[in-house]
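A.B. asks: Structure for this input, please:
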Amino acid sequence: MEKNSNLDTLGHLKLHLIGKVVILGIGNNLRSDDGIGSILATRIQDKTPYLVYDSGSSPENYLGKIIKDKPDTILLIDAVDFGGEAGEIRILEGEDIQTVNFFSTHDASISLAIGYLKNSLQAVDIIILAIQPKVLAFGDKLSPPISKTLEKLERWFLNGQN
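C.D. replies: Residues are numbered from 1 along each chain as shown. Model (predicted):
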């Protein structure tokens, strides 16, 4: 996460984290790097001004809670194969969410969840913080580049996005 583009990405993300924000970490901790969204959510939960949920690999189970929270912004954090370098991050928003060609092990559930949230919450800003995984094989350890990105994202969220 050393690249300037990742710093620019986080600067862009900061502009969206206004009003009431719900963060939903998504990931399967038994599939190596796929667990990063879930792990990050667990690490920052109750330590930021945002409502943070760790949905594991079932984001659909949190839709009711999110709708009751009535957020202005929803940030989904997930490992997404967008063809970047391992540990690289991207922000997907608006039309990017529907038109970008990417792979997530949670593709169907994320698409359904986003559609449901958009229909249920008018004028809500929905963003995906996508993290390029290196390893999606079965295992409970993150690869070194993903561990490094996780540490930097955790610090960024806990230090007020500075």
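A.B. asks: residue boundaries of the helices in this protein?
C.D. replies: Ranges of helices in the chain, per DSSP state H, are 4-16, 36-44, 63-69, 95-99, 107-120, 144-158.
A.B. asks: For Ile23, give the beta-bridge partners.
C.D. replies: Val52, Leu75 (DSSP bridges).
A.B. asks: wait, what's in contact with it?
C.D. replies: Ala41, Ile44, Thr48, Tyr50, Leu51, Val52, Tyr53, Ile74, Leu75, Ile77 (C-beta atoms under 8 Å, 6 or more residues apart in numbering). Quick note: C-beta positions are derived from backbone N, CA and C, even for glycine.
A.B. asks: Same check on Ile39?
C.D. replies: Gly25, Gly27, Asn29, Leu142, Leu150.
A.B. asks: My guess is the last one contacts Pro144. True?
C.D. replies: No - with the criterion set as C-beta atoms under 8 Å, Leu150 and Pro144 do not qualify as a contacting pair; they are 10.6 Å apart.
A.B. asks: Those two - which one has more neighbours?
C.D. replies: Leu150 (21 against 11; other C-beta atoms under 10 Å).
A.B. asks: Give me the distance between the more buried one and Ala79.
C.D. replies: Leu150 is 11 Å from Ala79, where distance means C-beta to C-beta, to the nearest Å.
A.B. asks: Quick check: neighbours shared by these two?
C.D. replies: Counting by C-beta under 8 Å, 6+ apart, the residues touching both Leu150 and Ala79 are Ile36.
A.B. asks: Most neighbours out of the contacts of Ile23, which is it?
C.D. replies: That'd be Ile77 among those, by other C-beta under 10 Å, with 28 neighbours.
A.B. asks: For burial, what's the neighbour tally of the closest residue in space to that residue that isn't next to it in sequence?
C.D. replies: Take Ile77 and drop its neighbours on the chain: the residue closest to it by C-beta to C-beta, 6 or more residues apart in numbering is Gly37, 4.0 Å away. By other C-beta under 10 Å, the residues close to Gly37 number 32.
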